[in-house]
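**Q** please find the sequence and the predicted model below.
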Amino acid sequence: MKGSLILLTLITMGALFPQVVLGAEVNLASRVTQITDGDTFRIETGDRVRMADIDTPEVNEQGYREAKEFLSALIYNKTAYLDVDDVYRSDSYGRLVCVVYVEYNSTHMINANKALLAEGLARLYDHQNEFSPSSWDLFVRKADLFQGAPPAPNVPLLAFFGAVMIIISILVHQMRRHKRIK
Ligand SMILES: [Ca+2]
Ligand SMILES: [Ca+2]
């Protein structure tokens, strides 16, 4: 009984903190649920992501639709593997500032920030943060990015706590049964 409670606590703590993969550049993995524009989107955890060091046209500017459609085709409904900025983490709007990777093939990931630049759909703004766009490669070997197995996508907290409540109620039920038998 004590063992299950400790396990439960560990699982809860793991879900509350962003996935940290030691020695790799991926801090968080989550499915892309909504594309806002060419450089901003929402993920399943509820967080909004602003792609680091690039800028795509605003809604009333030329090239807005092309950039948004390109990003959508590249990452929408896929698992985004995010390198979150270690310096500021989020911008003044509360959006996570990230370099975004999605799976390209069995061996490689594609850097979505670099892809937008390479397609001429985004402009480069090298802000003072963790990232140096001049060092970005369009394709990155999974082995180099993850240094092991890719991290499992973070489940939304609500779904997670639902599952925790179910586990707790099962445990409580079993405890009561155990008492009755005694
Ligand atoms: Ca980072
Ligand atoms: Ca930078």
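**A** Okay, I see it. Ligands and ions are numbered 1, 2, ... in the order given.

**Q** just give the number of residues close to the nearest residue to residue 26 once chain neighbours are set aside.
**A** Distances taken as Cβ to Cβ, 6 or more residues apart in numbering place residue 81 nearest to residue 26, at 4.6 Å, with adjacent residues excluded. C-betas here are computed from N, CA, C, even on glycine. Residues lying near residue 81 (other Cβ atoms under 10 Å) number 29.

**Q** residue 81 contacts residue 102, correct?
**A** Yes - under the criterion of Cβ atoms under 8 Å, residue 81 makes contact with residue 102 at 7.1 Å.

**Q** now the common contact residues for those two.
**A** By Cβ atoms under 8 Å, 6 or more residues apart in numbering, residue 81 and residue 102 have these common neighbours: residue 109.

**Q** need the longest helix for this protein.
**A** Longest helix in the chain by number of residues, with DSSP state H as the criterion: helix 157-181.

**Q** spatially central residue for the chain, please.
**A** residue 29 (3.4 Å; Cα atoms, centre = their mean).

**Q** shaky segments in the protein?
**A** For the chain, the stretches flagged by pLDDT under 70 are 1-24, 148, 155, 157, 182.

**Q** kindly report the residues of it close to ligand 1.
**A** Within the chain, the positions adjacent to ligand 1 are 27, 83, 86 by Cβ under 5 Å from the ion.

**Q** now rank those residues by neighbours and give me the top one.
**A** Using other Cβ under 10 Å as the neighbour criterion, residue 83 leads the residues of the chain next to ligand 1 with 21 neighbours.

**Q** from residue 44, how far out is that residue?
**A** Residue 83 sits 18 Å away from residue 44, going by Cβ to Cβ, to the nearest Å.

**Q** sorry, back to before: and of the residues of the chain next to ligand 1, the nearest to residue 52?
**A** The shortest approach to residue 52 among the residues of the chain next to ligand 1 belongs to residue 83, at 8.2 Å (Cβ to Cβ).
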